[in-house]
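Asks: Okay, predicted coordinates and the sequence, questions at the end:
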Amino acid sequence: MLQKFEWKSSNRPLPTFKDKAHGSPSATLMAGNSLSSSSTPPLHQPVSLLTPSQIKPTLVIPEILLAIAAFLSRHFLAQCALVCKEWNAVFQPLLFRVILATDFDHPNFLHAFQNYSRFVTSIECVQGSSTSLPASSNAWRRFCHRVALSSSYSSSSSSSSRPFAILSRRPFEQLQDSLLPGQTPLLESLFVQIQNQDPNCILRLSASTVINLWINTGGYLAKRARLYMEDTLRSYPNLIHLTLEGRFTLSSRLFERQGFDIQHLDAKGKAVDRPFSLESLHLRLVGISQEELLALSALLPRLKSLLFEESLTPNIMVKTYHWKWSSTFVQLLRTAFPHLQSLRFAFLFESIKEDTIVEILKSFPRLTTVGFRNAHFGKRAMETLREYCKVVECLDVSFARSSSDEFRTQFKAELLRFLQTWTCLRELVVGEIIFYVNAPIDAGVIRAPWACNQLEKLVCGFHGPESMIFQFLSQFPMLTHLTITQPPLNISCIDTTLAWMSRSTKIEYLSFEQHRKYPLKRETFQWLLNHLPNLKKVHVAGTVSEHQVRQWRRDAHKLGVALETDRY
């Protein structure tokens, strides 16, 4: 079965507590905290003249608590919020900055969320999500239960309180009740997944402040829905990043109705133009014709990133983009979107030839991100990339399955030379390429250290002993995202392997996406958690039992690390 094409890193990344702080929540915290009131001694008063009651412990100062909270997971934030009243006032809003899909499964979450919706910056809602939470999340459950009890008491004593939402409703319906007008002034990121529904229903949500929107429609509708770009931009006027997934169609009224011009009326009724600020458009399985794409250029004058991806469902290959590539279309695309800096295509049926790739690279010399999956990206394309696109930072390529061995060898040799000379590369994703780390010469190229020592993300295959692979990876001090597609490694607690892995302290995402004959041992998994301090997510593929998954998830949750598993 073919592997599903995914670019998780650029499309749907979730905000963390390390994001920049907003002024409004901090100001609210400072204003509502009793410790930052008039009892604080003046700065000019000498410390020797202060009484013991005026000297405040360090862990009581809200600014220091907020700095510490940036490194804590939600589990520990919930525990801190239950310590005392002072800490509760500081840590409560932080618990509601990022809302995950599993939060809607808590019976008391919605009651607590209604009181803290003004602090939320990101919401993830998945219809039908019933992911069981680990036992170590009891602190979060106790916290939601306590807030629900307090809100129930306040609602019983006040007849003007808002009625509680019906908890038996679906998460999307609960989300509609939660996003009341004006209740989420800081909401910036919204991810909504619905099943077998028209995506236009998401446009009715009251979330005009959203700048990052992700719409996912699972299943197949009886009648293919049509979403208009004009309606989306009017519902979310501040939108910058838009990702659409599902079997529906994206169109424009400009294309369907000639002479339609997008104008808005001001307070006096005069027509004024609306400069929409959308910069990235990512489409996965969403149908759009070449003519409709060009028509969107009038609505998206600032567009910088484009992604088109044909996905795979189990045992089904879905072809979405029935495009005919020509020199005329490439030139029209260049004229329609002159500010493009990121261009990625993931087509399943090898519809993009090398001549077309060469012409695209010549037409867009300002590209910083280049992606051609399952295309005929060969030696000529690599040479064109090195000659014309001098500022490429992210490269995502794989050759077509019908390519000959000679074609693959030439591409591989040119890719190795590229890596030995390109210093600004930060992200490299290569499919079906194996780097021989135990051989001095690979594809006629002498193995030498790569010049791209600023690499942050690496997805590729290797050939060689386990210790030599991690020795090779240790030359990338900035590496945070590592995915080894081949060979079927199982990290063992060998001194040589662990010694080289200990140098990769900045890794945040670690994934092994191959069939594993022997499952990863719990001792090895615990070693990874303890020796990679910045680790946030681990993807474990292979034969994994339910008992092992529960053990690993419990170990990972204690340190705030997410765990993904595949069972083959």
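Replies: That came through fine.
Asks: Report the distance from stretch 391-402 to the chain centre.
Replies: 20 Å (C-alpha atoms, centre = their mean, to the nearest Å).
Asks: swap that for stretch 369-386, sorry
Replies: Counting by C-alpha atoms, centre = their mean, stretch 369-386 is centred 25 Å from the centre of its parent chain.
Asks: Send me that stretch as CSV with only the CA atoms.
Replies: In CSV, the C-alpha atoms belonging to stretch 369-386 read as follows (Å, rounded to 0.1, in the frame of the first residue of the first chain):
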residue,chain,number,x,y,z
THR,A,369,10.2,25.9,-0.4
VAL,A,370,10.1,23.3,-3.2
GLY,A,371,8.1,20.1,-3.1
PHE,A,372,7.4,17.6,-5.9
ARG,A,373,6.2,14.2,-4.6
ASN,A,374,6.1,11.2,-6.9
ALA,A,375,7.3,13.3,-9.8
HIS,A,376,10.1,12.9,-12.3
PHE,A,377,12.5,15.1,-10.2
GLY,A,378,15.9,14.1,-11.7
LYS,A,379,19.3,15.4,-12.4
ARG,A,380,18.2,18.2,-14.6
ALA,A,381,15.7,19.4,-12.0
MET,A,382,18.4,19.4,-9.4
GLU,A,383,20.8,21.4,-11.6
THR,A,384,18.1,23.9,-12.4
LEU,A,385,17.3,24.2,-8.7
ARG,A,386,21.0,25.0,-7.9
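Asks: Show me what counts as buried in it.
Replies: Neighbour counts over stretch 369-386 (16 or more other C-beta atoms under 10 Å) mark 369-382, 384-386 as buried. From N, CA and C alone the C-beta is placed, and that goes for glycine too.
Asks: Among those residues, name the ones in strands.
Replies: The strands, defined by DSSP state E, take in 369, 370, 371, 372, 373, 374, 375 from these.
Asks: got the phi/psi numbers for residue 310?
Replies: phi -100, psi 120 (degrees, to the nearest 10).
Asks: In this structure it contacts residue 283, no?
Replies: No. Counting by C-beta atoms under 8 Å, residue 310 sits too far from residue 283 to count as a contact (9.9 Å).
Asks: quick one: the strands in the stretch 101-250 of the chain?
Replies: Here the stretch 101-250 of the chain has its strands, by DSSP state E, counting those that start in this stretch, at 122-126, 189-195, 212-218, 226-228, 241-246, 249-251.
Asks: mind listing what the fourth one pairs with, with the direction of each?
Replies: The strands beside strand 226-228 in its sheet (DSSP bridges) come out as strand 249-251 (parallel).
Asks: The strands of the stretch 101-250 of the chain into TSV, with extra columns for distance to residue 343 and mean neighbour count?
Replies: Listed next are the strands of the stretch 101-250 of the chain as TSV, based on distance: least, C-beta to C-beta, whole Å; neighbours: other C-beta atoms under 10 Å:
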stretch	distance to residue 343	mean neighbour count
strand 122-126	27	23
strand 189-195	24	21
strand 212-218	20	22
strand 226-228	22	17
strand 241-246	16	22
strand 249-251	17	19
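Asks: For residue 394, which of those is the nearest?
Replies: Residue 394 lies closest to strand 241-246 among those, at 15.8 Å (C-beta to C-beta).
Asks: how far out from the middle of the chain is the closest one?
Replies: Relative to its chain's centre, strand 241-246 lies at 12 Å (C-alpha atoms, centre = their mean).
Asks: Surely residue 483 is in contact with residue 473?
Replies: No. In this structure, residue 483 is not within contact of residue 473 by C-beta under 8 Å, at 11.5 Å.
Asks: Show me which of those two is the more surrounded one.
Replies: residue 473 (20 against 16; other C-beta atoms under 10 Å).
Asks: Residue 65 falls within a helix, correct?
Replies: Yes. Per DSSP: H, G, I helix; E, B strand; the rest coil, residue 65 lies within a helix segment.
Asks: gap between it and residue 240?
Replies: Shown here: residue 65 relative to residue 240, a distance of 31 Å by C-beta to C-beta, to the nearest Å.
Asks: next one: residue 211
Replies: Distance from residue 211 to residue 240, by C-beta to C-beta: 5 Å.
Asks: likewise residue 439?
Replies: 46 Å.
Asks: So for these two, which residue has more residues nearby?
Replies: Legend: neighbour count by other C-beta under 10 Å for residue 439 and residue 240, higher for residue 240 (17 against 11).
Asks: give me phi/psi at that one?
Replies: Torsion angles, degrees, to the nearest 10, at residue 240: phi -120, psi -40.
Asks: now it: how far from residue 533?
Replies: 32 Å.
Asks: Pull out the buried positions in stretch 283-294.
Replies: Within stretch 283-294, the residues scored as buried using 16+ other C-beta under 10 Å are 283, 284, 285, 286, 287, 288, 290, 292, 293, 294.
Asks: The fourth one contacts residue 250, doesn't it?
Replies: What it means is residue 286. Yes. Contact criterion C-beta under 8 Å: residue 286 and residue 250 qualify, at 5.1 Å.
Asks: hey, what's in contact with both of those two?
Replies: Residues touching both residue 286 and residue 250 by C-beta atoms under 8 Å, 6 or more residues apart in numbering: 227, 244.
Asks: ok, back up a step: common neighbours of residue 483 and residue 473, please.
Replies: Counting by C-beta under 8 Å, 6+ apart, the residues touching both residue 483 and residue 473 are residue 458.
Asks: re the thing from before, show me which of the ones in strands among the buried residues of stretch 369-386 is closest to residue 426.
Replies: Closest to residue 426, out of all of these and judged by C-beta to C-beta, is residue 369, at 9.8 Å.
Asks: quick one: the residue nearest to the closest one when sequence neighbours are not counted from residue 186, how far?
Replies: Nearest non-adjacent residue to residue 369, counting by C-beta to C-beta, 6 or more residues apart in numbering: residue 342, 3.6 Å away. According to C-beta to C-beta, residue 342 and residue 186 sit 27 Å apart.
Asks: Output the lowest mean pLDDT helix or strand found in the protein.
Replies: When each helix and strand of the chain is scored by mean pLDDT, DSSP states H and E, helix 23-32 comes last, with a mean of 38.
Asks: returning to what we had before: mean pLDDT lowest for which of the strands of the stretch 101-250 of the chain?
Replies: Lowest mean pLDDT within the strands of the stretch 101-250 of the chain: strand 122-126, at a mean of 86.
Asks: that older thread, so the residue nearest to residue 369 touches residue 367, yeah?
Replies: Yes. Applying C-beta under 8 Å, one finds residue 342 in contact with residue 367, separated by 7.0 Å.
Asks: now the ones in strands among the buried residues of stretch 369-386 in CSV, with distance to residue 244?
Replies: Putting those into CSV (distance: C-beta to C-beta, whole Å) gives the following:
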residue, distance to residue 244
369, 19
370, 22
371, 17
372, 21
373, 18
374, 21
375, 22
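Asks: The longest strand seen in the chain - contacts with which helices or strands?
Replies: In the chain, with assignment by DSSP E, the single longest strand is strand 427-436. When contacts are defined as 3 or more C-beta pairs under 8 Å, 6 or more residues apart in numbering; DSSP states H and E, strand 427-436 sits against strand 369-375, strand 394-399, helix 405-421, strand 457-463.
Asks: circling back to that earlier point, now the residue nearest to residue 369: how far from residue 105?
Replies: Per C-beta to C-beta, residue 342 is found 36 Å from residue 105.
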